[in-house]
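**Q** Sequence and predicted model, in that order:
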Amino acid sequence: MHDCPTCGQPTPAGNYCVRCGAPQDLRLGRSRQRRQFAAAPRERRNAPWLVSTLFPQLPRHSERHFHIALAGGAALVIALGVLRLFAIALIGAALLMPLLTALYFYDVDIYEGEPSWASAWTLAWGTLAGVLVGMLANALAPSGSALIDKASTAHLVVGGVLLPLLGVGAALAGPLVLLRDRRFNETLDGASFGAVTAAAFAAAQAVVVGGGVLGSGLRAAGSAAPWVARLVTIAIASPVLSMTAVGSAGAALWLRYRAPVSDRRALGLLGVPAIAVGLAGALVVAGAVAETFTAAGTWLAWLIVLDLLGLVLLRRAVHVGLLEEASEADVGPPVRCANCGATGPSHTFCANCGVALKALPKVRRGGSPGLPAPARGSFAGRLEAELRGRRSGRRRLIAYGSSLTAVVAVGGAVAALAAPPPRRPRCTRAQQCGRPPIEPRPASGFLGYQSWHSPALGYSLRFAAGDWTIASDTSTEVVLQAPDGLGLLTVDAARGAAITPAALIGRQRSSLQGQLLGLVLDTNQADQLLGAGVGLAAGPGSVYTATIASPQGPEAPVSVAIMAAGEGNLTISAVVVAPAENLDQKGTVFARADDVINSIRWPGR
Ligand SMILES: [Zn+2]
Ligand SMILES: [Zn+2]
């Protein structure tokens, strides 16, 4: 026994002080200043490592398996995305982090000794809240002109700000119930409850919002690259942001209301509950709102930046939480450290590796025969196998791999069952059929019809008042939307020798690429346009598929037709957006749009 140079209290000889965790060869102002992370002394305190921050109670030798599981899960999701099996990939991506969390519970029995209902409660609450907020997101999903306008209120305000804030609040509300329970009195408990609830929430919300994609069959059409970026976002970037944000807020709440009085101000401003909760909301909103004005890849990069920030925040909270109460209790009997395997005195920190024993699994009373009565951090139970050389890690990986595979298989089966039957084209270019010739009708004066005239360019059109309403218009463009908000028709025009129909189509296509996820040419024979054109003038046209996506996730596939034609130096384009998964709805929208497009009258005709 000698006195620790940092805290001045007696500690047995070793690398680290068992009371304050400071290295014994250094004299620090406070042990909090040590550079080692209290839950993983081999890592720096401020280094944003994913696994040791999100799963701080994992003994470090288990960490490798979690890295493998995380990398393997991500690789599986990316592979499914590259194969364009989006529905299955979406399920796998949504459940990747929750499965890893469940594995963490299994591994660590984190709330063990305390009833496991606490972990069940956080998972169940997170799932329920995610389902409810997901259903709300579906009810408030963009419709009408907002379908292809990410700057609209439905995207920017509801999806980018309000729903994410509601999500943070809902994810924090579940753990708050446990704040009153004196058995969960450690800062680490608050961090874990918050992070776990957020993981379950994110997964449930992504699945509920993605219902339209899951219902569209095994192959939701779209281009692979933006989808892969989006899938990685759903699998890792987005849940990690929520987990770190809500986990930090939970840690701050626990530190303020559960930690010893002397430690309550240890996190400074970040430990003030109102500031911590506000910061959590700000982080999640900063992540979500960027989806509305960036491409999938840029958004992923931005989320990774926010993830690193969130990880540092959570890590600081966990670190401070583990250093709380430098106990004055006597040094206990020797235990084997679950982190390094060395036998040392039981107190607050391991004298050999410096890990906070609180960051190690609690061990069931009774323990295994032949070992002293287990204490927190002692090596017993399932984890004992690790040091005896048994490969329990393989079992862990098999458990994780098989549950992820099972999830993906169930997702595949559901998607296959929900898939619409293969379609065969009813008509071809050689043998056109099924569409009666539509006579050009006068632009006004027809009962039940309304007309619209472009004051700047002189062209006009008419539409059935029961089928369409004007969502917005300018002097050159009109946007019509179906009353149920599921269909959209935009007629736009431009004058100039350089503006060819093909150029105008290209302009429309690149504008849509920014608003929809994975816009790609639809090569299905059954979907092709039979003779495109605008207002009796023939011109080029193509059909595309894409997916409506919000910050909450990919929502539903849509079918997009773009066509254009020119006369004189005026070029008019038409863009039709219709739901892709319901063939009846899609057919109706396209037929009604056809009627309007055929009614377009060129100036001077
Ligand atoms: Zn000390
Ligand atoms: Zn140790």
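**A** Nice, I can see it. Ligands and ions are numbered 1, 2, ... in the order given.
**Q** Would you map the strands across the stretch 251-400 of the chain?
**A** 334-336, 343-345 (DSSP state E, counting those that start in this stretch).
**Q** so what secondary structure elements neighbour the first one?
**A** Helices and strands touching strand 334-336, by 3 or more Cβ pairs under 8 Å, 6 or more residues apart in numbering; DSSP states H and E, are strand 343-345. For the C-beta atoms, the positions are set from N, CA and C on the backbone; glycine is no exception.
**Q** Just checking: what are the partner strands of the strand it packs on?
**A** The strands beside strand 343-345 in its sheet (DSSP bridges) come out as strand 334-336 (antiparallel).
**Q** ok, the strand it pairs with near ligand 2 or not?
**A** No: Strand 334-336 lies out of reach of ligand 2 by Cβ under 5 Å from the ion, never closer than 8.6 Å.
**Q** gap between that strand and the chain center?
**A** Strand 334-336 sits 42 Å away from the centroid of its parent chain (Cα atoms, centre = their mean, to the nearest Å).
**Q** Return the distance of Ala251 relative to ligand 1.
**A** Using Cβ to the ion, to the nearest Å, we find Ala251 at a distance of 23 Å from ligand 1.
**Q** no no, Ala503
**A** 73 Å.
**Q** And for Trp121?
**A** 36 Å.
**Q** tell me which element that residue falls in.
**A** Assessed by DSSP states H and E, Trp121 sits inside helix 117-139.
**Q** ok, residues contacting that helix?
**A** 98, 101-102, 105, 110-111, 159, 163, 166-167, 170-171, 173-175, 177-178, 181, 184, 193, 196-209, 211, 550, 552, 555 (Cβ atoms under 8 Å, 6 or more residues apart in numbering).
**Q** Give me the next element, helix or strand, following it.
**A** Assigned by DSSP H and E, the successor of helix 117-139 is helix 153.
**Q** Could you give the average pLDDT over that next one?
**A** Mean pLDDT, helix 153: 86.
**Q** Residue ranges in the stretch 301-450 of the chain under the pLDDT threshold?
**A** By pLDDT under 70, the weakly predicted segments of the stretch 301-450 of the chain are 324-328, 361-393, 419-447.
**Q** and Ile600, which of the strands of the stretch 251-400 of the chain is closest to it?
**A** strand 334-336 (81.8 Å; Cβ to Cβ).
**Q** list the buried ones in the closest one?
**A** 335-336 (16 or more other Cβ atoms under 10 Å).
**Q** thinking again about what came up before, out of the strands of the stretch 251-400 of the chain, the one nearest Leu404 is which?
**A** Counting by Cβ to Cβ, and looking across all of the strands of the stretch 251-400 of the chain, nearest comes strand 334-336 at 32.9 Å.
**Q** Grab the CA positions of stretch 520-538 and hand them over as PDB.
**A** Only the C-alpha atoms of stretch 520-538 are listed here, as PDB (Å, rounded to 0.1, in the frame of the first residue of the first chain):
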ATOM      1  CA  VAL A 520     -33.600   4.900 -63.000                       C
ATOM      2  CA  LEU A 521     -35.000   4.000 -66.500                       C
ATOM      3  CA  ASP A 522     -37.800   1.500 -66.200                       C
ATOM      4  CA  THR A 523     -37.000  -1.300 -68.600                       C
ATOM      5  CA  ASN A 524     -40.100  -3.400 -68.000                       C
ATOM      6  CA  GLN A 525     -41.800  -3.900 -71.300                       C
ATOM      7  CA  ALA A 526     -45.200  -3.500 -69.700                       C
ATOM      8  CA  ASP A 527     -44.500   0.000 -68.600                       C
ATOM      9  CA  GLN A 528     -43.200   1.600 -71.800                       C
ATOM     10  CA  LEU A 529     -44.900   4.600 -73.400                       C
ATOM     11  CA  LEU A 530     -46.700   3.900 -76.600                       C
ATOM     12  CA  GLY A 531     -45.800   6.900 -78.700                       C
ATOM     13  CA  ALA A 532     -45.000   9.800 -76.500                       C
ATOM     14  CA  GLY A 533     -45.700  13.400 -77.300                       C
ATOM     15  CA  VAL A 534     -47.400  16.500 -76.100                       C
ATOM     16  CA  GLY A 535     -50.600  17.900 -77.500                       C
ATOM     17  CA  LEU A 536     -50.700  16.000 -80.800                       C
ATOM     18  CA  ALA A 537     -47.000  16.800 -81.500                       C
ATOM     19  CA  ALA A 538     -44.800  13.700 -81.300                       C
END
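**Q** If Leu461 is in a bridge, with which residues?
**A** If you apply DSSP bridges, the partners that Leu461 bridges to are Trp452.
**Q** For the remainder of this discussion, apply numbering that starts at 13.
**A** Noted, 13 is the first residue going forward, which turns the last one into Leu473.
**Q** List the buried residues for the helix holding Trp133?
**A** Neighbour counts using 16+ other Cβ under 10 Å place 130-131, 133-135, 137-139, 141-146, 148-150 of helix 129-151 among the buried residues.
**Q** cool, stretch 192-206 as well?
**A** Neighbour-count burial for stretch 192-206 [16+ other Cβ under 10 Å]: 196, 198-206.
**Q** for the chain, which spans come out with low pLDDT?
**A** Using pLDDT under 70, the chain drops low at 121-127, 229-232, 336-340, 373-405, 431-459, 617.
**Q** per-domain residue ranges of this structure.
**A** 13-43+338-373, 48-56+72-337+396-428, 461-611 (automatic domain parsing).
**Q** Deepest-packed of those, please.
**A** domain 48-56+72-337+396-428 (a mean of 21; mean count of other Cβ atoms under 10 Å).
**Q** what about that one, start to end distance?
**A** 50 Å (Cα to Cα, to the nearest Å).
**Q** rewinding a little: got the domains of the chain as JSON lines, with distance to Leu66 columns?
**A** Below are these laid out as JSON lines (distance: least, Cβ to Cβ, whole Å):
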{"stretch": "domain 13-43+338-373", "distance to Leu66": "13"}
{"stretch": "domain 48-56+72-337+396-428", "distance to Leu66": "6"}
{"stretch": "domain 461-611", "distance to Leu66": "21"}
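**Q** Can you check which of those domains gets nearest to Thr65?
**A** In terms of Cβ to Cβ, the element of these nearest to Thr65 is domain 48-56+72-337+396-428, at 4.6 Å.
**Q** Centre of the chain to the closest one, how far?
**A** On Cα atoms, centre = their mean, the centre of domain 48-56+72-337+396-428 falls 8 Å from that of its chain.
**Q** so does that domain get close to ligand 2?
**A** No: Domain 48-56+72-337+396-428 does not reach ligand 2 (Cβ under 5 Å from the ion); its nearest approach is 8.0 Å.
**Q** correct me, but Val330 touches Pro68?
**A** Yes: in this structure Val330 lies within contact range of Pro68 using Cβ atoms under 8 Å: 5.0 Å.
**Q** Which neighbours do those two have in common?
**A** Joint contacts of Val330 and Pro68 (Cβ under 8 Å, 6+ apart) are 51, 200, 203, 371.
**Q** surely the first one meets Ala368?
**A** Yes: checked against Cβ under 8 Å, the pair Ala51 and Ala368 is within contact range at 6.1 Å.
**Q** Pull the contacting residues for the residue in the stretch 463-612 of the chain positioned nearest to ligand 2.
**A** For the stretch 463-612 of the chain, the residue closest to ligand 2 is Gly565, as judged by Cβ to the ion, at 42.0 Å. Counting by Cβ under 8 Å, 6+ apart, Gly565 touches 102, 217-218, 221-222, 246.
**Q** between the shared contacts of Val330 and Pro68, which is nearest Val30?
**A** For those, the nearest to Val30 is Ala371 (14.2 Å; Cβ to Cβ).
**Q** and the closest one, how far is that from Val422?
**A** 35 Å (Cβ to Cβ, to the nearest Å).
**Q** before we move on, back to that, mind checking which of the contacts of helix 129-151 are in helices?
**A** Per DSSP state H, helices hold the following members of the contacts of helix 129-151: 110, 113-114, 117, 175, 178-179, 182-183, 185-187, 189-190, 205, 208-221, 223.
**Q** Quick check: closest non-adjacent residue to the residue of the stretch 163-312 of the chain found nearest ligand 2.
**A** Going by Cβ to the ion, ligand 2 is nearest to Leu200 of the stretch 163-312 of the chain, at 17.4 Å. Among residues not flanking Leu200 along the chain, Gly333 sits closest, at 5.2 Å (Cβ to Cβ, 6 or more residues apart in numbering).
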